[in-house]
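Undergrad: have a look at this prediction, sequence included:
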Amino acid sequence: MSFDYTLLLPELILTALALVVLVIDLSLAPGKKQSLTWITFAGILVAMAGIWPATQTSASQTLSGMVSSDGFSIFFKVLFLTVAALITLASGPYLQQKRLPVGEFYILLLSATLGMMFMSGSRDLITIYLGLELASITSYILAGLLREDPKSNEAAIKYFLNGAMASAVLLFGLSLVYGLTGETHLDIIGKVLNGDISHWPIVGVALVFLVAGFGFKMAAAPFHLWTPDAYEGAPTLVTAFFAVGPKAGAMAAVLRAFTIGFAASSGRWTELFAILAVVSMFFGNLTALWQTNVKRMMAYSSIAHIGYLLVGVTVATTVPGVASVMFYLLAYAVMTLGAFAVILAVDAFGPGDQVGNYAGLATRSPLLAWGLTLFFVSMIGIPPTGGFMGKFYLFSAAVQNGYVWLAVVMAINSAISVGYYYGIVKEMFVGKPLETTSVKAPAGVTAVVAITMVVTLMLGLYASPFLNWATAAAALPRFF
Amino acid sequence: MSLPLLSLFILIPLVGSLVTVFLPKNSVSTIKAWSTVITGLTLVVAVVSMFQYGGAPVDANGMKFAESYNWIPHFSVRYYLGVDGFSYPMVLLTALVTFLATLASYSAVHERHKEYYALLLLLEVGMMGVFASLDYVLFYVFWEIVLLPMYFLIAIWGGARREYASIKFFIYTLVGSVIMLVGILALYFGTGAQTFGIMEIAKLVPAAQFAPATAMLIFLALYVGFAVKVPAFPFHTWLPDAHVEAPTPISMILAGVLLKMGTYALIRISATTLPEAARAFAPWLVAIALINIVYGALAAMAQKDFKKMVAYSSINHMGYFLLGLAAGTPEALNGALFVMISHGLISALFFFAVGMTYERTHTRDMAKLGGLFLTVPVIATFTAFTAFANLGLPGLSGFIGEFFVLLGSFPAFRWLILIATVGLVITAAFHLIMMRKVLQGEAMTEWKGLKDITGREVLILAPLVVLIVALGVYPGPLFAVFNPAVQSLSKLITLAGGM
């Protein structure tokens, strides 16, 4: 069976949903498009339900083996759809308030999610690249959605130029691999490259290009230059999506491509990722210390978190390595979306996006303030949160594989990161507010904050089911 | 013994804290009453457990009231609680001090009551968990849970320099505990243990045959985490800041219970798990202990601020604990544990006494106070009692612990002990100076007509005073609780080539 539709059901539902939204959007008068939010939200839930059949069949490959629907991709599909659902939940009043084009926003969000889902499922260089480009191009447009805002325009242009270059670099790397092996399917590439060291110098060059290309997409330092501007300029809701979705997509592609296609040269690329990890952690954390704009600060913080994740990629030659990256991505997605929900509320429905705007938030809106505190605590890696459990997993995976020094660097960086999170927490709890009225967050945003708070605590206190899930999913694809 | 007593110590305040979050913000008296009921209930459970402790069965690790469930099988982490002679008295102390601190909060906290009491209860959760858990990861989780409420309690309700003091406390403890985590993981992977159990890993360490240098590195990683909390020189500088800026009830908990998390961990984990490294480190520990004793006392003498003086005296007293631990003889260890309990009672009382004066005069400058014997005689008498207890007057609990530490460590360190006795003299001196400045002398006009002690304050003082006297006169029962754990530890130390 080379073309099994049931395995692609979530992708097909998402595609149909995007078309439905497009048509309904045309039929609704401007200003009366609130129903689109709920249609999109419901559709994403249906797509999530559409994953079910794939878990019930033994078949795992479709489209002539180019796409697989195994535990690994199902884990990521659930993650991407959850992200999209939470973003949608928070979106309604925000889009209205910022007068963003409602229909376009949802279509772009759904398309980007679709692209990311292909990135996680692909076993072929062509489909990986297609998924990546679908996610990227829609992201460029999303960054520029605030058409009258020069900062948003700048964000879109910067993201586009950098992203296009990254795609070119990546494509060049892919073409080298194709030239060497005559194949685009990862399994076969892995077989051809295995045990044949005569290709090494060119494989090495290709690896560097691939690492650089994916590094751009996930915003690892030193390939992060677009990140701060894109994060600051893009509408906050879009920034929230950028901070989670494309990064997780690139991470999924990296985990699969490198562990299957380049298993033979793992000694080399793990070193490259170790270097990226160290640079990202230090650069992200140290630069974040000096930021006064919260969205910009979160951009640098996300670079640091990519650094933590890359510690896991460095030991991705083992199941705990892959599983720790997946579990941390889950925790990272939840706490980051929660933090951005608060940032969005304070930015769009409160005083603004500067650190000083958070003064006295604890007395103005206790839920938002305590929520953000919990997310920051989780990002620092303090128990009892998902962030702690995730870092603990990465940490022990690194130590287990002899990367004690990398674990120590991670520990040092966790301590550094206290500095900038603390700045906001201090403002919220000790600062004197200019106004005393509460920040009126819309119900959807409040719901996202509450949900992510609960899940963040759950990932810390009741982590077992999630750890087992990540481990089972990490063991499924053919690694080594 | 079907009742999970130790879980109750954690669950009662946890539920109490969660419920507090949902109480209406403005019904302050409800919030106060609720927190009092919760901490009171915890104390009642503690008292009830005292009747069962003696006859309670022990588990394979010699722990009473043990509870063990799988928590995260993936990392072989268990929810494993249990107490022995080291930890059980600390659990009781925590229940008592937190209850009294709740009562003391009535007059010390004037804004944002809901958040305050919710955090106070959460703090109790963390402290109880630290003393009761016997799994490294669980222990670490509780250790960190203590950190957050304490940070907010100082940062929001503290004095003028609260921002500086709270973040300093936070950074010191966080860096310490991250280093400690590296040590814990090194122990786990180094021994190849299939469990994070504290007692289980301790049993596996001899077979793992760490190189002395490796064992020392692990020991130091753990030591840094614990020493920050104690605090042992040179990690002590956060303490005077945090104590001075914290509101009175929080100072009571900080000095009474929180510092003991460090000393408890040193004895439960460092000394038990890595006895050889602990022996090798002992000469350094003696030096640190003596610095704590002498420097703490001298620094206390130099203070003009009443509260800061008490804070430095904590550093001084923790020196005796470290000295007893370094000596490692049964007498010294018993004495060290006694110092923990006794200092827990006395320092809580002392900070409360300082707080009573401060709430009335709004100054802590000892030069501005004076003649309190004449203006507020009852408060002044209690303050004098506390000062005598703190300087180690025979007949009160402070004397017993320090006496046994000195007695037990003399065979080990001989004339070095003289330095510690110099510390005793300085300690007596600064207390007498304080009493002359603050309590004696002419009644100052601005303090005339101050209200003397209230019924609530007597209620807070009384249990502490009674216990300080009772333990000073009749310390036997407490030693009887310590002794089984002390005997097995001192056997380990003897095997490791100690005294």
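TA: Received the coordinates, thanks. Keep in mind it's a predicted model, so treat the numbers as computed, not measured. Numbering: from 1, shown residues only, chains lettered A, B, ... in the order given.

Undergrad: now do the lowest-mean-pLDDT helix or strand in chain A: distance to the chain's middle.
TA: Least confident helix or strand, chain A: strand A:61-62 with a mean of 74, by mean pLDDT, DSSP states H and E. How far strand A:61-62 lies from its chain's middle: 25 Å, per CA atoms, centre = their mean, to the nearest Å.

Undergrad: looking at the chain, which helix is longest?
TA: The chain I'm using is chain A. When chain A is parsed with DSSP state H, its longest helix is helix A:150-181.

Undergrad: oops, chain B please
TA: Secondary structure assigned by DSSP H gives helix B:330-361 as the longest helix of chain B.

Undergrad: C-terminal to it, what's the next element?
TA: On the C-terminal side of helix B:330-361, the nearest following helix or strand under DSSP states H and E is helix B:372-375.

Undergrad: now the longest helix of chain A: average pLDDT?
TA: For helix A:150-181, mean pLDDT rounds to 91.

Undergrad: show me what that helix is packed against.
TA: Here helix A:150-181 touches helix A:125-143, helix A:186-193, helix A:200-218, helix A:227-233, going by 3 or more CB pairs under 8 Å, 6 or more residues apart in numbering or on different chains; DSSP states H and E. C-beta coordinates here come from the backbone N, C-alpha and C atoms, glycine included.

Undergrad: okay, these, which one's buried deepest?
TA: helix A:227-233 (a mean of 25; mean count of other CB atoms under 10 Å in any protein chain shown).

Undergrad: pull the distance from it to the chain's centre.
TA: 15 Å.

Undergrad: with stretch B:11-28 instead?
TA: 25 Å.

Undergrad: any idea how far the nearest residue to residue A:231 once chain neighbours are set aside is from residue A:420?
TA: The shortest distance from residue A:231 to any non-neighbouring residue, by CB to CB, 6 or more residues apart in numbering or on different chains, is to residue A:299 (3.6 Å). With distances taken as CB to CB, to the nearest Å, residue A:299 is found 12 Å from residue A:420.

Undergrad: hang on, the earlier thing: the residue nearest to residue A:231 is in contact with residue A:233, isn't it?
TA: No - the criterion here is CB atoms under 8 Å, and residue A:299 misses it with residue A:233 at 10.4 Å.

Undergrad: follow-up on the earlier one: helices and strands around the least confident helix or strand of chain A, which ones?
TA: By 3+ CB pairs under 8 Å, 6+ apart, strand A:61-62 packs against strand A:67-68.

Undergrad: what is the strand it packs on packed up against?
TA: Partner elements for strand A:67-68 (3+ CB pairs under 8 Å, 6+ apart): strand A:61-62, helix A:102-121.

Undergrad: which bits of chain B sit near chain A?
TA: With CB under 8 Å from any CB of the partner chain as the criterion, chain B meets chain A at residues B:71-75, B:112, B:115, B:137, B:140-141, B:144-145, B:147-148, B:152, B:155-156, B:162-163, B:167, B:170-171, B:174-175, B:178-179, B:181-182, B:185-186, B:188-189.

Undergrad: and if we set it to 7 Å?
TA: Proximity of chain B to chain A (CB under 7 Å from any CB of the partner chain) is limited to residues B:72-74, B:140-141, B:144-145, B:148, B:152, B:155-156, B:163, B:167, B:171, B:174-175, B:178, B:182, B:185, B:189.

Undergrad: close to chain B: what parts of chain A are there?
TA: Residues of chain A that fall close to chain B, judged by CB under 7 Å from any CB: A:377, A:382-384, A:395-396, A:399-400, A:407-408, A:411, A:414-415, A:418, A:422, A:426, A:429-430, A:463-464, A:467-468, A:471.

Undergrad: if we go to 6 Å?
TA: A:382, A:383, A:384, A:399, A:411, A:415, A:429, A:430, A:463, A:464, A:467 (CB under 6 Å from any CB of the partner chain).

Undergrad: between these, which is nearest residue B:122?
TA: residue A:384 (11.0 Å; CB to CB).

Undergrad: for the stretch 51-200 of chain B, what are the low-confidence residue spans?
TA: For the stretch 51-200 of chain B, no stretch is flagged by pLDDT under 70.

Undergrad: hey, where'd the strands end up in it?
TA: Secondary structure of the stretch 51-200 of chain B (DSSP state E, counting those that start in this stretch): strands at B:64-72, B:77-83.

Undergrad: who are the packing partners of the last one?
TA: The contact analysis (3 or more CB pairs under 6 Å, 6 or more residues apart in numbering or on different chains; DSSP states H and E) places strand B:77-83 against strand B:64-72.

Undergrad: now do 8 Å
TA: helix B:5-22, strand B:64-72, helix B:113-132, helix B:136-157.

Undergrad: ok, and the closest non-adjacent residue to residue B:280?
TA: Per CB to CB, 6+ apart, closest to residue B:280 is residue B:216, 6.3 Å.

Undergrad: can you report how many residues lie near that neighbour?
TA: 18 (other CB atoms under 10 Å in any protein chain shown).

Undergrad: contacts only, for it.
TA: Taking CB atoms under 8 Å, 6 or more residues apart in numbering or on different chains as the criterion, residue B:216 is in contact with B:277, B:280, B:281.

Undergrad: with adjacent residues omitted, what lies nearest to the last one?
TA: To tie it back to what came earlier, the one meant is residue B:281. Closest to residue B:281 by CB to CB, 6+ apart is residue B:219, at 6.3 Å.

Undergrad: got the contact list for whichever residue of the stretch 151-300 of chain A sits closest to chain B?
TA: Going by CB to the nearest CB, chain B is nearest to residue A:289 of the stretch 151-300 of chain A, at 13.3 Å. Residues near residue A:289 by CB under 8 Å, 6+ apart: A:416, A:419, A:420.

Undergrad: gap between it and residue A:356?
TA: Distance from residue A:289 to residue A:356, by CB to CB: 16 Å.

Undergrad: who's residue A:124 bridged to?
TA: Assessed by DSSP bridges, residue A:124 has beta-bridge partners residue A:185.

Undergrad: does residue A:381 touch residue A:394 like I think?
TA: No - contact between residue A:381 and residue A:394 fails when scored by CB under 8 Å: they sit 9.5 Å apart.

Undergrad: residue A:65 is in what secondary structure piece?
TA: Assigned by DSSP H and E, residue A:65 falls outside every helix and strand.

Undergrad: wouldn't it be in contact with residue A:122 here?
TA: No - the pair residue A:65 / residue A:122 is not scored as a contact, 10.5 Å apart, by CB under 8 Å.

Undergrad: which of these two has more neighbours?
TA: Neighbour count, other CB under 10 Å: between residue A:65 and residue A:122, residue A:122 has more, with 26 against 15.

Undergrad: contacts only, for the nearest residue to residue A:215 once chain neighbours are set aside.
TA: Nearest residue to residue A:215 in three dimensions, chain neighbours excluded: residue A:223, at 4.0 Å (CB to CB, 6+ apart). Going by CB under 8 Å, 6+ apart, residue A:223 touches A:166, A:212, A:215, A:216.
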